[in-house]
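J.: sequence unavailable; structure follows:
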């Protein structure tokens, strides 16, 4: 009896499935939508991580735009030049090399450096914390809940023990997802030949900025004076700002900085391997 | 006469969304614009009517006949999935704009519990074939009605000054609750 029931079940289910499948296969032939076959090929070349760095909703949407010729082949920042060349080959167009972009976290005021003015016990996300103004005395600094790390789809970021995000420069593809995720716009995207950065976003007056954080830019102007090219570094709203068109990217102008918030080129040595080695040491 | 009762009962009194709380996902997800809501409602109505028309013969002539009615869940889900696939292909062919507007919510009709719920209720209430189709259509009309009303209110809400904690999904769910309360008023329409 049980065997009979099993056979009936299997046969009836299989039968229904087969009939519906045949029907769908027939409908698929009748109702097939003709698509540009290059779209499949193009989306195969794209990284497929849907990071949004190109400005389209995903890799598939970019592939459709590419096939229509509405997007240049080098907009995929995650794929870089290699992908751009392959896309250009499929589309039969020329492409220009573009510089690799990298994310730079412009705040060094972690747990050890920044003063706290309150204790925050709300939802542990940067966006929520930012609504309250954050728990640090500095209202421009990193909130430290790692929304940028969550936004990164390439495992190129981690929160270091000091409560600041670290970018692994061997993994970063420059999609800019972290920069968009940061509610305080601390993360900026820069081409890789930019070396000199002011690692502070505080527009507070020098005395207050110094009180709030030991590595804040206090707008003393020493880097402005030391910069060999006039106008290479300017003070804008109490913050030293590098003019990347003019300023030499070596560390000359950063030497006398009293809070060491401006320096050149050390950051990009942070790779995933280096990071894990140093994290073990501090732990 | 019974058909009219079934129609009024399924679309108003026992509205699937507002009294059984089935199909809340598209109800909340696609109700931000009236146009999209109407399209979603129409697509769902179409799928529901077809579902009733297809699952009733499957149940009566296969499952009951061979004495395996316990397979109804599996059989209904297969049938619904195939139907949704068909509707998806058809919409993609006939109206790419609508296809893009519905987006992810079209495949989601497959997992819309209102559609499965409709097939199961139909069996539970011993409807005949014509009654089942009317029931399926009426349920779809009820769903369209609910999602359309919701989208109308939500479009107005864009101009309202809502306190921060209530913005977005919270106010939508509160609204759904109020609409459910209002629909309770239909309960006296038909006795029994």
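T.: Perfect, thanks for sending it. Because the structure is predicted, anything quoted here is derived from the model rather than measured. Numbers count the residues shown, from 1 in each chain, chains lettered A, B, ... in the order given.
J.: immediately after the lengthiest helix in chain A, which helix or strand?
T.: The helix that spans the most residues within chain A, counting by DSSP state H, is helix A:2-31. As assigned by DSSP states H and E, the chain's next helix or strand after helix A:2-31 is helix A:37-45.
J.: what's downstream of the lengthiest helix in chain B, the next helix or strand?
T.: Longest helix of chain B, by residue count under DSSP H: helix B:129-157. Per DSSP H and E, the first helix or strand lying C-terminal to helix B:129-157 is helix B:169-183.
J.: show me where pLDDT drops low in the stretch 151-283 of chain A?
T.: Within the stretch 151-283 of chain A, the stretches with pLDDT under 70 are A:266-268, A:279-283.
J.: do a quick rundown of the helices in it.
T.: Using DSSP state H, counting those that start in this stretch, the helices of the stretch 151-283 of chain A run over A:177-181, A:206-212, A:222-226, A:272-282.
J.: and the contacts of the host helix or strand of residue B:80?
T.: In this structure, residue B:80 sits in helix B:72-94 according to DSSP H and E. Helix B:72-94 is contacted by residues A:12-13, A:16-17, A:20-21, A:23-24, A:27-28, A:31-33, B:43, B:46-47, B:50-51, B:54-55, B:58-59, B:62-63, B:98-99, B:102, B:106-107, B:109-110, B:115-116, B:119-120, B:123 when judged by CB atoms under 8 Å, 6 or more residues apart in numbering or on different chains. Quick note: C-beta positions are derived from backbone N, CA and C, even for glycine.
J.: ok, now stretch B:3-19?
T.: Contacts for stretch B:3-19 (CB under 8 Å, 6+ apart): B:20, B:22-24, B:27, B:114, B:117-118, B:127, B:130-131, B:134-135, B:137-139, B:141-143, B:145-147, B:176, B:179-180, B:183-184, B:186-187, B:189-190.
J.: at 6 Å what do you get?
T.: Contacts to stretch B:3-19, defined as CB atoms under 6 Å, 6 or more residues apart in numbering or on different chains, come from residues B:22-23, B:27, B:114, B:131, B:134-135, B:138-139, B:141-143, B:146, B:179-180, B:183, B:186-187, B:189.
J.: tell me the buried residues within these.
T.: B:22-23, B:27, B:114, B:131, B:134-135, B:138-139, B:141-143, B:146, B:179-180, B:183, B:186 (16 or more other CB atoms under 10 Å in any protein chain shown).
J.: could you pull up phi and psi at residue A:114?
T.: Phi and psi for residue A:114, reported as degrees, to the nearest 10, are phi -90, psi 140.
J.: which residues does it bridge with?
T.: Beta-bridge pairing for residue A:114 (DSSP bridges): residue A:213.
J.: related to what we said a few turns ago, can you select the buried ones among the contacts of helix B:72-94 for me in ChimeraX?
T.: Buried members of these, defined by 16+ other CB under 10 Å, are picked up in ChimeraX with:
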select /A:12,13,16,20,24,27 /B:43,46,47,50,51,54,55,58,59,62,63,98,99,102,106,109,110,115,116,119,120,123
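J.: how is chain A divided into domains?
T.: A:37-91, A:101-282 (automatic domain parsing).
J.: export those domains to a markdown table and tack on mean neighbour count?
T.: Output for the domains of chain A, formatted as a markdown table (neighbours: other CB atoms under 10 Å in any protein chain shown):
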| stretch | mean neighbour count |
| --- | --- |
| domain A:37-91 | 18 |
| domain A:101-282 | 18 |
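J.: can you tell which of those domains is closest to residue B:38?
T.: domain A:37-91 (23.9 Å; CB to CB).
J.: and that closest one, anywhere near chain B?
T.: No - Domain A:37-91 does not reach chain B (CB under 6 Å from any CB of the partner chain); its nearest approach is 10.3 Å.
J.: near chain A, which residues of chain B? Just list them.
T.: Within chain B, the positions adjacent to chain A are B:62, B:66, B:68, B:71, B:75, B:78, B:82, B:85-86, B:89-90, B:92-93 by CB under 6 Å from any CB.
J.: list just the nearest of the residues you listed to residue A:152.
T.: residue B:92 (34.1 Å).
J.: local confidence estimate at the closest one?
T.: Note for residue B:92: predicted pLDDT of 79.
J.: which residue packs closest to residue B:15, ignoring adjacent ones?
T.: Excluding the flanking residues, the one nearest residue B:15 by CB to CB, 6 or more residues apart in numbering or on different chains is residue B:142, at 4.4 Å.
J.: how many neighbours does the residue lying closest to residue B:140 once chain neighbours are set aside have?
T.: Closest residue to residue B:140 apart from its sequence neighbours, by CB to CB, 6+ apart: residue B:45 at 2.8 Å. Residue B:45 is flanked by 19 other residues according to other CB atoms under 10 Å in any protein chain shown.
J.: where's residue B:45 relative to residue A:110, distance?
T.: 57 Å (CB to CB, to the nearest Å).
J.: swap in residue A:186?
T.: Note on residue A:186: its distance to residue A:110, by CB to CB, is 12 Å.
J.: also residue A:31?
T.: 58 Å.
J.: please apply the same query to residue A:153.
T.: 24 Å.
J.: okay, strands next: where are they in the stretch 51-200 of chain A?
T.: A:101-105, A:157-159, A:165-167, A:187-191, A:196-198 (DSSP state E, counting those that start in this stretch).
J.: neighbouring strands - and their directions - for the fourth one?
T.: Yep, that's strand A:187-191 we're talking about. strand A:101-105 (antiparallel).
J.: do the second one as well
T.: Strand pairing for strand A:157-159, determined by DSSP bridges: strand A:165-167 (antiparallel).
J.: for chain B, which of the helices of the stretch 151-283 of chain A is the nearest?
T.: The closest of the helices of the stretch 151-283 of chain A to chain B is helix A:177-181. By CB to the nearest CB, the value is 18.7 Å.
J.: got a list of contacts for that closest one?
T.: By CB under 6 Å, 6+ apart, helix A:177-181 touches A:51, A:103, A:147, A:148, A:151, A:152, A:187, A:189.
J.: now do stretch A:185-202
T.: Counting by CB under 6 Å, 6+ apart, A:99-108, A:138, A:140, A:142, A:148, A:176, A:178-179, A:209, A:216-217, A:240, A:242, A:244, A:249, A:261-262, A:264-265 sit against stretch A:185-202.
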